[in-house]
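*Asks:* structure for the following, please:
(one chain, ligands or ions: 3)
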Amino acid sequence: MPRTTLTQFLVEQERAAQAITPELRLLIEVVARACKAIAVNVGKGALAGVLGEAGGDNVQGEAQKKLDVISNEILMQANEWGGHLAAMASEEMETIHETPNRYPKGEYLLLFDPLDGSSNIDVNVSVGTIFSVLRKPDDGHAVSEASFLQPGGAQVAAGYAVYGPSTVLVLTVGTGVHCFTLDREMGSWVLTQSNLTIPADTREFAINMSNFRHWAPPVRRYVDELLAGRDGPRGRDFNMRWVASMVADVHRILTRGGIFMYPWDAREPDKPGKLRLMYEANPMAFLVEQAGGAATNGHTRILELMPTKLHERVAVILGSRNEVERVTGYHNEVAPAP
Ligand code: AHG
Ligand code: MN
Ligand code: MN
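*Replies:* Ligands and ions are numbered 1, 2, ... in the order given. Model (predicted):
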């Protein structure tokens, strides 16, 4: 059987399924090519002197790693000249980056977390790139931050690359979730799994347990019930995994099921959560729903939330449908969705 490359897959999506336009195909190819360049840098590690701190903070007040900055540069440079983008936005940039006037402007908006899981870089654990694609609103206005403030349900494509033992690209254009593995010798992305599905039930959960004492009662109740195992109300044992790279945790869930939670907690009560809505939660929620799973902020589907600012944070509960519905139900018993 001949292997299907990402290029062939995208051409088929354009021709047969009419799921994407030629410009969106180019955009996805460019992002995927940038991910190859990031994979090379991540893979060289200490040999290229790319580990460690960059020396500054990003807009979130988090210390930037050298690889955060390098990955951001790679994505920016790859995407600005192709004519497919009106603007892009990144975890590592305070404001949006408009396509410079010297290049043609396209109708798409690209958002990314250039390197997710920064705390794992120096210890050689999987990290990744997350991206989300929106269409610029057809409202006659010049592109601005407001153009990006669309609910996740408006995404036309989303995906991530995970730089692990193998480098894998997981993609949706709204026709299921498809997985491509980087053939390092050939330099091409090869389709290795189509139509990923997340089982509705699971015995595996992912949460940073060290925050237990800071969580709201519905999250404590849910996790307490899991920890009680076969003698508790759930009547079975649950296993726990926490990579601390969202890409790697979500990839495990897309592969074999599970529930991932980064809930609100009382350490920073004014923030709805740690993770960012527009370039972490939305693309992951789109992928998870396309794979038959569910994603909420405890009350509402993530994809229905209307963002009010670019770097907005959100509580995230996603993965196997029945578990996500259970913990969302616990929240809505206490306080119904606004
Ligand atoms: P980033 O490195 O892009 O800032 O994101 C890190 C996120 C996410 O990948 C992960 O799930 C979470 O932070 C881990 O948080 P804790 O260190 O609090 O466990
Ligand atoms: Mn991240
Ligand atoms: Mn990041």
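
*Asks:* residues from the stretch 1-150 of the chain in reach of ligand 3?
*Replies:* Taking Cβ under 5 Å from the ion as the contact definition, the stretch 1-150 of the chain meets ligand 3 at E91, D113, L115, D116. Yep, even glycine has a C-beta here, placed from its N, CA and C like the rest.

*Asks:* filter those down to the ones near ligand 2?
*Replies:* D113, D116.

*Asks:* between the residues of the stretch 1-150 of the chain next to ligand 3, which has the most around it?
*Replies:* L115 (31 neighbours; other Cβ atoms under 10 Å).

*Asks:* number of residues surrounding the closest residue to it other than its chain neighbours?
*Replies:* Leaving out its chain neighbours, the residue that sits closest to L115 by Cβ to Cβ, 6 or more residues apart in numbering is S71, at 4.3 Å. Neighbours of S71 under the rule other Cβ under 10 Å: 32.

*Asks:* is it true that S71 touches T129?
*Replies:* Yes - judged on Cβ atoms under 8 Å, S71 makes contact with T129 at a distance of 6.5 Å.

*Asks:* mutual contacts of those two, please.
*Replies:* I38, P114, L115 (Cβ atoms under 8 Å, 6 or more residues apart in numbering).

*Asks:* spit out the contact partners of the residue of the stretch 201-338 of the chain found nearest ligand 2.
*Replies:* Ranking the residues of the stretch 201-338 of the chain by distance to ligand 2 (Cβ to the ion) places E280 first, at 5.2 Å. Going by Cβ under 8 Å, 6+ apart, E280 touches E91, D113, D116, I130, M246, V316.

*Asks:* rewinding a little: so which of the shared contacts of S71 and T129 sit within strands?
*Replies:* P114, L115 (DSSP state E).

*Asks:* looking at the shared contacts of S71 and T129, spot the one nearest S194.
*Replies:* I38 (24.4 Å; Cβ to Cβ).

*Asks:* how close does the residue lying closest to that closest one once chain neighbours are set aside sit to T181?
*Replies:* Leaving aside its chain neighbours, I38 sits nearest to S71 (4.8 Å; criterion: Cβ to Cβ, 6+ apart). To T181, S71 is 20 Å away according to Cβ to Cβ, to the nearest Å.

*Asks:* can I get the shared contacts of S71 and T129 in TSV including distance to L226?
*Replies:* Listed next are those as TSV, based on distance: Cβ to Cβ, whole Å:
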residue	distance to L226
I38	35
P114	33
L115	31
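
*Asks:* list just the nearest of the shared contacts of S71 and T129 to V59.
*Replies:* Distances from V59 to these, taken by Cβ to Cβ, are shortest for P114, at 13.2 Å.

*Asks:* which residues does the closest one contact?
*Replies:* Contacts of P114 (Cβ under 8 Å, 6+ apart): I38, D68, S71, N72, I74, L75, S90, E91, E92, T129.

*Asks:* same deal with R220?
*Replies:* R220 touches F212, counting by Cβ under 8 Å, 6+ apart.

*Asks:* hang on, it in a helix?
*Replies:* Yes - using DSSP: H, G, I helix; E, B strand; the rest coil, the assignment for R220 is a helix.

*Asks:* still on that earlier bit, strands - which of the contacts of P114 land there?
*Replies:* Per DSSP E, the contacts of P114 map to strands at S90, T129.

*Asks:* pipe the contacts of P114 into a markdown table and attach pLDDT per row.
*Replies:* Below are those laid out as a markdown table (pLDDT from 0 to 100):
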| residue | pLDDT |
| --- | --- |
| I38 | 98 |
| D68 | 95 |
| S71 | 97 |
| N72 | 98 |
| I74 | 98 |
| L75 | 98 |
| S90 | 98 |
| E91 | 97 |
| E92 | 96 |
| T129 | 98 |
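
*Asks:* wouldn't A294 be in contact with V316 here?
*Replies:* No - A294 is beyond contact range of V316, at 11.5 Å (criterion: Cβ under 8 Å).

*Asks:* between these two, which has more neighbouring residues?
*Replies:* Using other Cβ under 10 Å, the more surrounded residue of A294 and V316 is V316, with 28 against 22.

*Asks:* can you check the pLDDT for that one?
*Replies:* pLDDT for V316: 98.

*Asks:* mind listing what it touches?
*Replies:* V316 sits in contact with 260-263, 273, 275, 280-281, 284-285, 295, 297, 302, where contact means Cβ under 8 Å, 6+ apart.
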